[in-house]
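# Got a predicted structure here, sequence first:
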Amino acid sequence: MANSVLEVDNVTKTFPGVVANEDVSLTLNEGEIHCLLGENGAGKSTLVNMVFGLYRPDRGTIRVRGQDAHFEDSGDAIARGIGMVHQHFQLIPVFTVAENIILGNEVTKGALLDLAAARRQIHALAERYGLAVDPDATVGDLSVGEQQRVELVKALFRDADILILDEPTAVLTPGEVDDFFGVVQSLTQQGKSIIFITHKLREVLAVADRITVLRAGRVVGSTTAEGTTQQSLANLMVGRDVVFQVEKTTAQPGAAAMQTRGLRVQDDRGLETVTGLDMEVRSGEIFGIAGVEGNGQRELVEAVCGMRPATGGRVEMLGRDTTDWNPRRVNELGVAHIPENRSKHGVVAQYSIADNLVLNRYSQTKFSRRGVRNTSAIDTEAAALMEQFDVRATGASAALSTLSGGNQQKVVVARELTGDLRILVVAQPTRGLDVGSIEFIHRQIIELRDRGAAVLLVSAELDEIMALSDRIGVMYRGRLAATVDAADATREELGLLMATGSSSATDREQQ
Amino acid sequence: MSRPGDADSSITRASGHLHRFLTEAWRLQPLYVSLYAILLSLLIGGVLISLIGVNPLTAYWALLRGMVGDGERLAGSLARSVPFIGSALALALPFRAGLFNIGAEGQLLAGGLTAAYVGALSWMSDLPGGIAIPLIIIAGTMGGAVWGGIPGVLRTKTGAHEVISTIMLNSVVLFAARWMVGSRDPVVLRDTESTVPRTDPISDTAVLPELVDSQPVLHTGLFALLGLCFVVAFMLNRTNFGFEIATVGLNPHAAHYSGMNVNRVIVLAMAAAGACAGLAAASEISGTNGHFQPGTFFLMGFDGIAIALLARTKPVAVIAAALLWGSMLSGAPLMQQEADMSIDVVRIIQALVLLFVAADAVVRYLFRVHEQGQSPFRATSVEGAA
């Protein structure tokens, strides 16, 4: 164990106005999986970016196999055997797997690419580490899990023996996560050492040999998987006691508030991703939609909220046929929408917090008279909402872009959860947020349900779906493969439904 | 090797003083780049002039007197600048919506042609000025609005980029206007009694009152265009429509999500841009020319682009930029007369100004201007700008 391959020694890194890392130390031993745990903004990415040569530390040293490393750029880090798989893959979709892997490190014969030799090397690597990849497949056609394997092979192809994996499981289905853990373990058995960044406590305990917890740029704890529990890790991360279980009473569902009948919707490329979906959400309940991303959830949400036309079928809300309504009209019916992609749809980053808080209500008589904005009313409303929803900022006139992700999301939540709400459509409400913000937003959603609103919740986090929902529909290839009571649902059953669209093994064999 | 360092620090010190003066005295921080660009262009222009063998101070002194030397010259400079306000707003307004309107040149022609046509209608002479003048102005504004709205519609219906379509529409209206005004067989809009191609003279009742008999004439169109700047500024900064325009410009996805009709905003912003150009053209037809000649508006739309960028697309700053632009053009002949410098020198200086405004990294580096708050797209709030 004592054979350390990477030592980070009292490293400090500051950005203008922020201390991202302060006296951070970390040792990675050969053949171990070292989990780096922390909330967003705790400094995990800064730390690994220094190890990978993307940033240079202000103070302190990084040693690779006992030798000081002064990386000018990531090329230096790669040359010293460090590989990194980023959260957002760095692959070119129109290239084949082999072309992507050799990119920047081309195998050549004279002036020509030697793709045949590359293919052989890739096959050998894939076999050795149990990473099934087809060198001739086009990357754009691969599933997310397969693309991740390509990224891993790419790092191994460059002879990396220290691998940094940044939130590798965020994009995987539960089944893929299990496969991925298998791969990671086979890598360490063959002597690779791994830094694994995550904020999912379950995974940490499942794979980590050792765990380092960062909070506000400092190391606040270092432990082994055996010596800790989810609760104590969470408390370390957040710096206070975390309530894990979302507290909620049994739902008191009323009449159906939102229904779809044979709904068909196309995605941006014109492919039909919602393929005749029937769904019913009752007031006073949270209806969760589980599913691997890309099974039509996004198009479903956008169609229901009026952002995307339906190509077939019907949407009914509160007894009205809202099928081809525009977003404003849907909103005025009492439907709020917390969008999946906050920065794309939810906010205007350059606007003040106040302007973002009235982004969909600016034309109401409360905030404007004869088309002229009433800025004092907007500011008053903003101050009240910021107080009520605990948005931490210097003031309502601060640009939204200066807020942390959690506070930005609170701005969206504050805007959407005000007013006379009958239906809430919410997609990935806590993606990328820290534990504290997640707790807050979950509580808001449940309170809304208890006041009698119907909630449609779409999330890629199975834990979130299971914790919040009263009923769960599993979306598979554009339809609900099954609808189950949340109380009776198990992870395994849902995972199987998400992966295959069917819950029994016999059905699977028949396919 | 200490020299470059010294020069460096003296530039830094001098520009530090200038910064403080501009910030404290005039609150001009967002326009730093523009002011330095003008300064730099005058310096380079001076080098150019001395290369030709003329004392740049003599030339610039003559230029300055040509611009504002006496009351009549000042009035002439003002008169020359007025239409530029409209053509610059035609870029500045849709710019807030993320649209780059290169079509002011054509929108001026469309507006001017409509105004001249309406102004020459036989029954116009029966109307009192209080009706005929608003009519001709409204007609020109509408003509520009329609011509500006077309690329907006094309953009929303077909995805055609407004840069391409406005350039094309400039040519369409230019050659259409030349033919309509020039053709004798058939006669379309040509004044058959005139030896040069132009439209029939407009009715006397439709002529904007004159303020100063300068060269060119300063007329009450000045107030219309000054007022337009404040209307546009108010519209962009204080109204719901302005909020929609800015939202579409900054994040069209968020605009769609929050219930704004993005396509409507795009069409209306382009039409409003065309209206600004059309108003400028109508004011020229009515107050200066009395008839339409295609050459009148030559380059006026493209100069508007430069002026709007010099004003960092802020509607009120457009006034200052247009005044500078127009008066330089108006002062150039005196420079030619007294210092024997071609008036093209002024054109070169103006081109340099635009170059430095566009390639603002050069100016920022030379004068140590930091990036904050410079881009018209980076206002923290719609209240923040202009």
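Looks like it arrived, so ask away. Values in this document were obtained by computation on a predicted structure and should not be read as measured data. Numbers count the residues shown, from 1 in each chain, chains lettered A, B, ... in the order given.

# Ranking helices and strands of the chain by mean pLDDT, which lands last?
Since no chain was named, I'll use chain A. Counting by mean pLDDT, DSSP states H and E, the weakest-scoring helix or strand in chain A turns out to be helix A:505-510, with a mean of 44.

# looking at chain B here, not the other one
For chain B, counting by mean pLDDT, DSSP H and E, that's helix B:3-21 with a mean of 58.

# Tell me the helix or strand right after that helix.
helix B:32-52 (DSSP states H and E).

# per-residue confidence averaged over that following helix?
Mean pLDDT, computed over helix B:32-52, is 91.

# Then stretch A:299-314?
For stretch A:299-314, the per-residue pLDDT averages 96.

# Show residues contacting it.
A:258-267, A:272-274, A:276-277, A:289, A:315, A:317, A:321-331, A:335, A:337, A:339-340, A:425, A:427, A:456, A:458, A:475, B:256-257 (CB atoms under 8 Å, 6 or more residues apart in numbering or on different chains). C-beta: built from backbone N, CA, C; applies to glycine.

# Give the burial count for the residue of the stretch 151-300 of chain B at minimum distance from chain A, as a bare number.
Per CB to the nearest CB, B:Gly259 is where the stretch 151-300 of chain B lies closest to chain A, at 3.0 Å. By the criterion of other CB atoms under 10 Å in any protein chain shown, B:Gly259 has 22 neighbours.

# Near chain A, which residues of the stretch 151-300 of chain B are found?
Within the stretch 151-300 of chain B, the positions adjacent to chain A are B:238-243, B:247, B:250-251, B:253-254, B:256-261 by CB under 8 Å from any CB of the partner chain.

# Just the ones of these in strands?
Among those, none falls in strands (DSSP state E).

# beta partners of A:Arg471?
Following DSSP bridges, A:Arg471 is listed with bridge partners A:Phe287, A:Asp485.

# Might one say that it is in contact with A:Gly288?
Yes: counting by CB atoms under 8 Å, A:Gly288 is a contact partner of A:Arg471 at 7.2 Å.

# who has more neighbours, the two?
The neighbour comparison of A:Arg471 against A:Gly288 (other CB under 10 Å) goes to A:Gly288, with 27 against 19.

# Give the burial count for the closest residue to the more buried one other than its chain neighbours, as a bare number.
What sits nearest to A:Gly288 in space, not counting adjacent residues and going by CB to CB, 6 or more residues apart in numbering or on different chains, is A:Ser469, at 3.0 Å. Here the number of neighbours of A:Ser469 (other CB under 10 Å) works out to 24.

# before we move on, what about A:Val330?
Residues near A:Val330, counting by other CB under 10 Å: 23.

# my read: it touches A:Glu316, true?
No: in terms of CB under 8 Å, A:Val330 does not count as a neighbour of A:Glu316; the distance is 11.9 Å.

# which residues are common contacts for those two?
Going by CB under 8 Å, 6+ apart, residues that sit against A:Val330 and also against A:Glu316 are A:Thr322.

# Buried subset of the contacts of stretch A:299-314 as a ChimeraX selection?
The buried residues among the contacts of stretch A:299-314 can be selected in ChimeraX (16 or more other CB atoms under 10 Å in any protein chain shown) with this line:
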select /A:258,259,260,263,264,265,266,273,274,277,289,315,317,322,323,325,326,327,330,331,335,337,339,340,425,427,456,458,475 /B:256,257
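
# circling back: how close does the residue nearest to A:Gly288 get to A:Ala489?
As for A:Ser469, its distance to A:Ala489 is 8 Å (criterion: CB to CB, to the nearest Å).

# list the contacts for B:Asn263?
Counting by CB under 8 Å, 6+ apart, B:Asn263 has contacts B:Thr156.

# can you list the weak-confidence ranges in the chain?
In the absence of a named chain, chain A is used. A:1-2, A:17, A:242-245, A:432, A:504-511 (pLDDT under 70).

# you looked at the wrong chain, it should be chain B
In chain B, residues with pLDDT under 70: B:1-30, B:370-386.

# ok, now with 90
Applying pLDDT under 90 to chain B picks out residues B:1-36, B:52, B:185, B:294, B:312, B:340-343, B:354, B:356-386.

# hey, which helix is longest across it?
Scanning chain B for the longest helix, with DSSP state H as the assignment, gives helix B:129-158.

# just how off-centre is that helix within its chain?
17 Å (CA atoms, centre = their mean, to the nearest Å).

# Downstream of it, the next helix or strand is which one?
helix B:162-182.

# buried sites along whatever helix or strand comes next after that following helix?
Next helix or strand after helix B:162-182 toward the C-terminus (DSSP H and E): strand B:210-212. Using 16+ other CB under 10 Å as the test for burial, strand B:210-212 gives B:Leu211, B:Val212.
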